[in-house]
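> Need a 3D model of the following:
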Amino acid sequence: MKKSKYHISKMDCPSEENMIRMKLDGLQTIKKLEFDIENRNLTVFHSEENKEILSRLEALNFGAKLTESDSIPDDEVVLEESNVQSKLLWSVLIINFAFFIIEMTTGLFSKSMGLVADSLDMLADSFVYGLSLWAVGSTVIRKKKVARWSGYFQLSLALLGIIEVVRRFIGSEEMPDYRIMIGVSIFALIANGFCLYLLQKSKSNEAHMKASMIFTSNDVIINSGVILAGVLVLLTQSKYPDLIIGSVVFIIVVRGAIRILKLGK
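Numbers count the residues shown, from 1 in each chain. Down below sits the predicted model:
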């Protein structure tokens, strides 16, 4: 058995972990993957030398580099429980997709681009988790096709959102409802906290615990940004704080869509 360790400088959340899992899916020589997101390392246990592993990691442009590779006894490798991971992915997917619908609906109703953009960020996470679940029992060609359609769909929505933000910047739009912005974002914070609880419960003794904290902190930053924008809308009686946070989150969503599209190559 071979044990190869890679340092991936741009891997900082479980969404990227799932994208890497999908990218490496289909390589029969791989027996197990171990992620250490806090230190941005990936350990691959594989049966023989395979340059395709590094080639696929480099294709994601996450800054992957092979740091060491050794031979180890076969009995040192304990295979993962895939059923546990599948249930976890379904749970966080449902939570993220539910909040996509809630934030999109309330964002349009309250005229808040911050909430609309945050809803697309939730949708982006749902796509990544859904694609990971789709990996079970599906062909590589079909998975790549789904990844491309998901990426184009997400990218189209984000670009439409950016165009709408620009239109509102130069137009005379009404001020968004700060009460809905703040209230819904607080519930989104609670939902992200619940996702963190589920992730910790499932992987309480592994690196995923720390990884999930990093992942949730990213979403919490966005939720907090929308809450702060809502407060600034209240204090300044201006639409601009909402449009600024909306612009920032839409750019984050575009970045996520581009990464999903890379999976389809």
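> how many neighbours does G130 have?
19 (other CB atoms under 10 Å). (C-beta placed from N, C-alpha, C; glycine too.)
> Where do the strands of the stretch 1-150 of the chain begin and end?
Applying DSSP state E, counting those that start in this stretch to the stretch 1-150 of the chain gives strands spanning 2-8, 30-36, 41-46, 64-71.
> Give me the buried positions along the second one.
By neighbour count, and taking 16 or more other CB atoms under 10 Å as the criterion, the buried residues in strand 30-36 are 30, 34-36.
> quick one: low-confidence ranges for the stretch 51-200 of the chain?
77-85, 128, 131-144, 146, 196, 199-200 (pLDDT under 70).
> Helices along that one, start to end?
51-59, 82-110, 113-134, 140-170, 178-202 (DSSP state H, counting those that start in this stretch).
> Put together CSV for those, with distance to L24 on each row.
Formatted as CSV, the helices of the stretch 51-200 of the chain follow (distance: least, CB to CB, whole Å):
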stretch, distance to L24
helix 51-59, 6
helix 82-110, 15
helix 113-134, 12
helix 140-170, 11
helix 178-202, 21
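> and these, which is most packed in?
Of all the helices of the stretch 51-200 of the chain, helix 113-134 has the most neighbours on average by mean count of other CB atoms under 10 Å, namely a mean of 25.
> how about the protein, which residue sits the furthest from its center?
P73 (34.8 Å; CA atoms, centre = their mean).
> now that residue, nearest residue through space, not along the chain?
M1 (6.9 Å; CB to CB, 6 or more residues apart in numbering).
> Return the residues in contact with the one you found.
31, 45-47, 71-74, 76-77 (CB atoms under 8 Å, 6 or more residues apart in numbering).
> Among the residues you listed, the buried ones, what's the PyMOL command?
To isolate the buried ones among the contacts of M1 in PyMOL, judged by 16+ other CB under 10 Å, type:
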select buried, resi 45+46
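> wait, which of the strands of the stretch 1-150 of the chain is closest to S247?
Closest approach to S247 among the strands of the stretch 1-150 of the chain is made by strand 2-8 (28.5 Å; CB to CB).
> got a list of contacts for that closest one?
Contacts for strand 2-8 (CB under 8 Å, 6+ apart): 20, 40-49, 53-54, 57, 62-72.
> Report the angle between it and strand 41-46.
Taking axes from the mean of the first three to the mean of the last three CA atoms, to 10 degrees, one finds strand 2-8 and strand 41-46 inclined to each other by 150 degrees.
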